[in-house]
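> Model the structure of this input:
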Amino acid sequence: MQLADIFLSGDVSEAELITTIAGLIGRTKEAVFVTSDIANAPASPPVLVEVQNRPGGFPMQLSIYLRGQHPGAPTEVDLAVALARALDLRALIGDDTVNPYAWKLVERDGTIQPVSVDPDGLDRGELRITT
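Prediction:
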């Protein structure tokens, strides 16, 4: 099950990412596997994090997957807020509408506001806030 797709405003080391995500979802660090290619992941890590580097203002994309049952797992919004606070970075998440340019910006302090991203940048795979 995909838990979240979160874009961060800066890069984070693999070790820091593992420690932070494990702590936020209540798992051990050994339960979290980070990869740049989901096809190379082991068969069944409890928590799988695919990391992609992108151009633009939010260069680190995290696609977070949970395998098996995870009662009490955080929502995408809760996880984005917790990551922004823990890593002192801003985060972007989709706003669950059909508008591909409408997103939610999570500030370092956890506040959330609606934003739009540059359509031309998005066509190039970049996430740049316009409003």
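
> So which bits of stretch 40-47 are buried?
Of the residues in stretch 40-47, those with enough neighbours to count as buried (16 or more other Cβ atoms under 10 Å) are 45-47. All C-beta spots, glycine's among them, are computed from the backbone N, C-alpha and C.

> Now, those that are in strands?
Val47 (DSSP state E).

> could the buried residues of stretch 40-47 go into TSV alongside pLDDT and distance to Val98?
Below are the buried residues of stretch 40-47 laid out as TSV (pLDDT from 0 to 100; distance: Cβ to Cβ, whole Å):
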residue	pLDDT	distance to Val98
Pro45	86	33
Pro46	90	33
Val47	92	30
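
> now, which of the buried residues of stretch 40-47 sits nearest Ala15?
Proximity to Ala15 was ranked across the buried residues of stretch 40-47 by Cβ to Cβ; first place goes to Val47, at 14.9 Å.

> Would you map the strands across the chain?
Using DSSP E, strands in the chain cover 2-8, 32-35, 47-53, 60-66, 91-94, 102-106, 112-116.
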